[in-house]
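>>> model this:
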Amino acid sequence: MSIEARPETANLIVDFEVVNDLGSSLDLDSNPNLAFGKVATASDSENVGISAPDSAVDGNGAYHLENYRSAWRSAYHASTADTVWLNVNLGRTEAVRRVVVKWGSYAPPAYTLMGWTPGMSSWVTLATRTSAGGGTHVHSFSSDQTYQYFGPSMSGANRYDVKELEVYRWDY
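The predicted model follows:
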């Protein structure tokens, strides 16, 4: 016995429902990525056309799409002692409990996550990561970290890239 799909129903989705099975009463829609689409800046960039800082806050976790790179990549640094940074301006001061850094191919051996608000005399260290390596790094805070700018500062390698820099009000 063979079953044939009729052309008019072969790709038809009849019903679709998303179920929150996280065991939490938190409405995930109320905890958006505050960095999405905001202005990002960096100490430098490899190629402003395809690896500009804003690529790290475009909401696209993919690394390469055809001739488009959706990640920020620093310029090459001959000295690994050079300090390189990337940050996002949230547009206003926000109380934050979670910052996620998704590293691309060039991750630092260690880095410091920083916060700052205009009027402050210096940046504040929120977290330090040693033996960082690549991948996704989640920084959770037990109390509000209230700043307008967030981002990593790093040294120890010749080049760095960040696929996504995400900032959230709550740690879920």
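
>>> all helices of the protein, in order?
In the chain, the segments counted as helices under DSSP state H are 48-51.

>>> Surely residue 126 and residue 142 touch.
No - between residue 126 and residue 142 there is no contact under Cβ atoms under 8 Å: 12.0 Å. To be clear about C-beta, it is placed using only N, CA and C from the backbone, and glycine gets the same treatment.

>>> give me the low-pLDDT residue ranges for this protein?
1-28, 62-69 (pLDDT under 70).

>>> With neighbour numbers in mind, choose between residue 126 and residue 142.
Between residue 126 and residue 142, counting by other Cβ atoms under 10 Å, residue 126 is the more crowded of the two (18 against 7).

>>> what about the strands in the chain?
Secondary structure of the chain (DSSP state E): strands at 39-42, 64-65, 68-69, 72-73, 84-103, 110-116, 124-130, 136-155, 161-168.

>>> Surely residue 108 and residue 130 touch.
No - contact criterion Cβ under 8 Å: residue 108 and residue 130 do not qualify, at 10.1 Å.

>>> Looking at those two, which has the bigger crowd around it?
More neighbours surround residue 108 than the other of residue 108 and residue 130, with 24 against 8 (other Cβ under 10 Å).

>>> buried ones in stretch 109-126?
111-116, 123, 126 (16 or more other Cβ atoms under 10 Å).

>>> farthest pair in those residues?
111 and 116 (15.7 Å; Cβ to Cβ).

>>> ok, now how distant is residue 103 from residue 136?
8 Å (Cβ to Cβ, to the nearest Å).

>>> If you count surrounding residues, which of these two has more?
Between residue 103 and residue 136, residue 103 has the larger neighbour count (other Cβ under 10 Å), namely 21 against 12.

>>> and that one, what are its bridge partners?
residue 162 (DSSP bridges).

>>> is it true that it touches residue 163?
Yes - the criterion here is Cβ under 8 Å, and residue 103 meets it with residue 163 at 6.9 Å.

>>> burial of residue 164, as a residue count?
24.

>>> Also residue 78?
Neighbours of residue 78 using other Cβ under 10 Å come to 7.

>>> how near is the residue nearest to it when sequence neighbours are not counted to residue 139?
Excluding its sequence neighbours, the residue lying closest to residue 78 (Cβ to Cβ, 6 or more residues apart in numbering) is residue 158, at 7.1 Å. With distances taken as Cβ to Cβ, residue 158 is found 25 Å from residue 139.

>>> Looking at the two, which one has more neighbours?
Per other Cβ under 10 Å, whichever of residue 158 and residue 139 has more neighbours is residue 139, with 19 against 14.

>>> Might one say that that one is in contact with residue 113?
Yes - the pair residue 139 / residue 113 is scored as a contact, 5.5 Å apart, by Cβ under 8 Å.
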